[in-house]
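Visitor: here are the coordinates; sequence isn't available:
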């Protein structure tokens, strides 16, 4: 339940031009996740989000933004930058899935392997990671989350309002179905 | 996290109040006093206990945000009733690089003066204060104990200070 004295609202609106999005722009429900690739709770939420997407189909638009907590999760920042490097080559979601499906193997060597598996140009991938080309983007995501009241990962927003209930499948699906019918 | 119990949160010292002075240990041979921060904003983060999951997440987030707080020239201190050796072990384990002050003896005295002590539990509330460079409370907030308050309120308060007294 939301118990803050101010409304926890998404301060940076979803933009087709910058965000990583699955689902149609005119879907009645937009679910935004702020997540960390090394966070076990995000790992637990990953298949739930997939299932919710499968069940809601075109009625759901899903957006993922980076929220790496680097002092608890030393590989999370690199993993986030790796996903953005994949995005630069049009393969964000393939990398996103690879990272969540291999959460305990996120060293640089591992990221390189996933880049190969996803079919990226690994030379430019490695170079972009080495030069932290995407660090500013990751930080922008992170700060937009902080400003929106993200207090841990994962934090979800349903149609722009922070979702503070449980993200077990039934509860989350119920909340999204309700938002879809409003 | 959900918290459906009746809301019996303390009312913290409100904005406009002179922040009570304190001096508390930060290590076995060092202390930190509020007066040391005169001239710049300070964020006091009272939290119930070292090692609890919510406290750990909250302080990890603040650690991540230290560079953002520094943009406002603001300092952050954590305060709980835990003793100094617990604080040191906790900070080391969680990689926290800001002072954790021990409001340990007399127990919770500083929390009491800020009106955020929970007598039944023997810990402080999960409470935030942003104090300006003149030592006046600019913003205060008590979160339900089981809920990480995040940092948006802190940043908003610092924004407000920067607008008022900004360059």
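Guide: Cool, got the structure. Model, not experiment: these values are computed from the prediction.
Visitor: where does chain A have low pLDDT?
Guide: A:1-7 (pLDDT under 70).
Visitor: Spatially, which residue comes closest to the spatially most central residue of chain B, not counting chain neighbours?
Guide: In chain B, the residue lying closest to the centroid (C-alpha atoms, centre = their mean) is residue B:45, at 1.3 Å. Excluding the flanking residues, the one nearest residue B:45 by C-beta to C-beta, 6 or more residues apart in numbering or on different chains is residue B:78, at 4.9 Å. (C-beta placed from N, C-alpha, C; glycine too.)
Visitor: and what of residue B:137?
Guide: Here the nearest residue to residue B:137 in space, its sequence neighbours aside, is residue B:17; by C-beta to C-beta, 6+ apart that works out to 4.7 Å.
Visitor: Am I right that that neighbour is in contact with residue B:138?
Guide: No - using C-beta atoms under 8 Å, residue B:17 is not in contact with residue B:138, being 9.9 Å away.
Visitor: neighbour count winner among the two?
Guide: residue B:138 (20 against 17; other C-beta atoms under 10 Å in any protein chain shown).
Visitor: mind checking the SS state of the more buried one?
Guide: Using DSSP: H, G, I helix; E, B strand; the rest coil, the structure places residue B:138 in strand.
Visitor: Tell me which residues touch it, please.
Guide: By C-beta atoms under 8 Å, 6 or more residues apart in numbering or on different chains, the contact set of residue B:138 is B:15, B:41, B:130, B:131, B:132, B:157, B:160, B:161.
Visitor: Out of the residues you listed, which comes closest to chain A?
Guide: Comparing the contacts of residue B:138 against chain A with C-beta to the nearest C-beta places residue B:157 closest, at 11.3 Å.
Visitor: thinking that closest one is in contact with residue B:139, fair?
Guide: Yes - with contact defined as C-beta under 8 Å, residue B:157 reaches residue B:139; the gap is 3.6 Å.
Visitor: Kindly list the main-chain dihedrals of residue 37?
Guide: Chain wasn't specified; assuming chain A. Per-residue torsions, residue A:37: phi -70, psi -20 (degrees, to the nearest 10).
Visitor: ok, it - contacts?
Guide: A:68, A:73, A:75, A:76, A:79, A:80, A:83, A:99, A:100, A:103, A:106.
Visitor: The third one against residue A:36, yeah?
Guide: No - under the criterion of C-beta under 8 Å, residue A:75 lies out of contact with residue A:36, with a separation of 9.8 Å.
Visitor: Between those two, which has more neighbouring residues?
Guide: A side-by-side neighbour count of residue A:75 and residue A:36, using other C-beta under 10 Å, places residue A:36 first with 26 against 22.
Visitor: so where do the helices sit in chain B?
Guide: With helices called from DSSP state H, chain B shows them at B:53-71, B:84-94, B:109-113, B:152-165.
Visitor: gap between the residue nearest to the centre of chain B and residue A:87?
Guide: As judged by C-beta to C-beta, to the nearest Å, residue B:45 and residue A:87 stand 35 Å apart.
Visitor: Where does chain A get nearest to chain B, residue-wise?
Guide: residue A:151 (3.5 Å).
Visitor: ok now do the residue nearest to that residue when sequence neighbours are not counted, which residues does it touch?
Guide: Excluding its sequence neighbours, the residue lying closest to residue A:151 (C-beta to C-beta, 6+ apart) is residue B:150, at 3.5 Å. Listed by C-beta under 8 Å, 6+ apart, the contact set of residue B:150 reads A:4, A:8, A:146, A:149, A:150, A:151, B:58, B:61.
Visitor: Secondary structure and distance to residue B:30 for these - can I get that in TSV?
Guide: Output for those, formatted as TSV (DSSP: H, G, I helix; E, B strand; the rest coil; distance: C-beta to C-beta, whole Å):
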residue	secondary structure	distance to residue B:30
A:4	coil	34
A:8	coil	37
A:146	helix	30
A:149	coil	34
A:150	coil	33
A:151	coil	30
B:58	helix	24
B:61	helix	25
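Visitor: now that we have the residues you listed, which one has the most neighbours?
Guide: Top of those by neighbour count (other C-beta under 10 Å): residue A:150, with 28 neighbours.
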